[in-house]
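Enquirer: Sequence and computational prediction follow.
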Amino acid sequence: MEDFMISRWSFADSVPSPLDNDTLQSQCWYHCHRDHPQAKPWLEQQNIHPAAIEAILADDTRPRFQRFGRDCFVIIIRGINLSSGAEPDDMLSLRMVWHKGALISTRKITSKAIAHIISQLEQGRGPESLPELLLAIITGVHAIIDDFIHPIEELLDQLDFQQGHDVKEVQSLHPKLLKLKRYLKPQKYVLEDLLASDLEDLKLQQAYLRNCLDTVIRINESIDFYLDQFNVYLLNISQQQAEKMNRNTYLFSMIAGIFLPAGFFTGLLGVNVGGIPGTESPIAFSLFCIGLLVIIALEVLLLKKLRFI
């Protein structure tokens, strides 16, 4: 079972202590690998509702809260993936089932929030009861998300006054925020449903759960604001590029229009047929060039008068 069970702690006494066995007991926390072959058989041995087992072992799932009787409920939340070589927006899934006063949490990817709680417990600190532990997990996950999106706000502040900012950086952040929004939007409903269920085991944590809900709402509102700001910034960049292209196109059109008569006359005289005036005069070419310059000057004056230039 060493490979299956990551950590297990008893909160039955005032000071949490490690457990030596995997037998499910009230006021105990069991943290295990979700994809381990022994996970499902062990959960089934604890007489947990089959639908609850299916929910916490599913390959893909969204944040949710669901009750299975009076003493069993499932909470699934998403967190930032801080594993080496992974993108933070490749969000990890924390699945927890509360069954007969015991908390079972499963994960596939290491969670920094869970690792921090285990480290605190090993040092004699951290949550002192199972409801506090559940609250600490939720709070820790949201704190990491908050830390991840905070630099984005600083980037937006820079976009207000910095010219020539790396557009690729902004474009790369946009889909990351959309992915975060996809999973954090329903995470708000998880906490709302958890509060609305009015669970007896979490009576003392109602105020803290409301704070967690406020945090999720604020994070979602911040993400929506960042997405709007990015959209405005990218739209402005697109408009600037379009205006620059239009100005360049207009300039080339004016240049082509100015030299159109000159091209016509030079083409006409270059057909090399008999009867071209001035072929015998040594100053004919000079007079022709002066005439072209005069025509170009008159065109420029006419375009200015008509306000094309």
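Expert: Alright, I've got the coordinates.
Enquirer: low-confidence ranges in the stretch 1-150 of the chain?
Expert: Where the stretch 1-150 of the chain drops to pLDDT under 70, the residues are 1-3, 83-90.
Enquirer: Could you pull out the helices in it for me?
Expert: Defined through DSSP state H, counting those that start in this stretch, the helices belonging to the stretch 1-150 of the chain, from first to last, are 39-45, 50-57, 112-122, 130-161.
Enquirer: Can you identify the element that follows the last one toward the C-terminus?
Expert: Translated: helix 130-161. Secondary structure here is assigned by DSSP states H and E; on that basis, the next helix or strand after helix 130-161 toward the C-terminus is helix 167-197.
Enquirer: name the helices or strands packed onto that following helix?
Expert: Contacts defined by 3 or more CB pairs under 8 Å, 6 or more residues apart in numbering; DSSP states H and E place helix 167-197 against strand 64-67, strand 72-79, helix 130-161, helix 206-258. The way it works is simple: take the backbone N, C-alpha and C, and place the C-beta from them, glycine included.
Enquirer: Identify the residues contacting the spatially most central residue of the chain.
Expert: For the chain, the residue sitting closest to the mean C-alpha position, by CA atoms, centre = their mean, is Leu177 at 1.9 Å. For Leu177, the contacting residues are Ile149, Ile152, Ile223, Tyr226, Leu227, Phe230, by CB atoms under 8 Å, 6 or more residues apart in numbering.
Enquirer: Using JSON lines, lay out the helices of the stretch 1-150 of the chain together with distance to Asn211.
Expert: Conversion of the helices of the stretch 1-150 of the chain to JSON lines gives the following (distance: least, CB to CB, whole Å):
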{"stretch": "helix 39-45", "distance to Asn211": "31"}
{"stretch": "helix 50-57", "distance to Asn211": "25"}
{"stretch": "helix 112-122", "distance to Asn211": "16"}
{"stretch": "helix 130-161", "distance to Asn211": "8"}
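Enquirer: Okay, domains of the protein per the record?
Expert: What automatic domain parsing lists as the domains of the chain is 5-239, 259-305.
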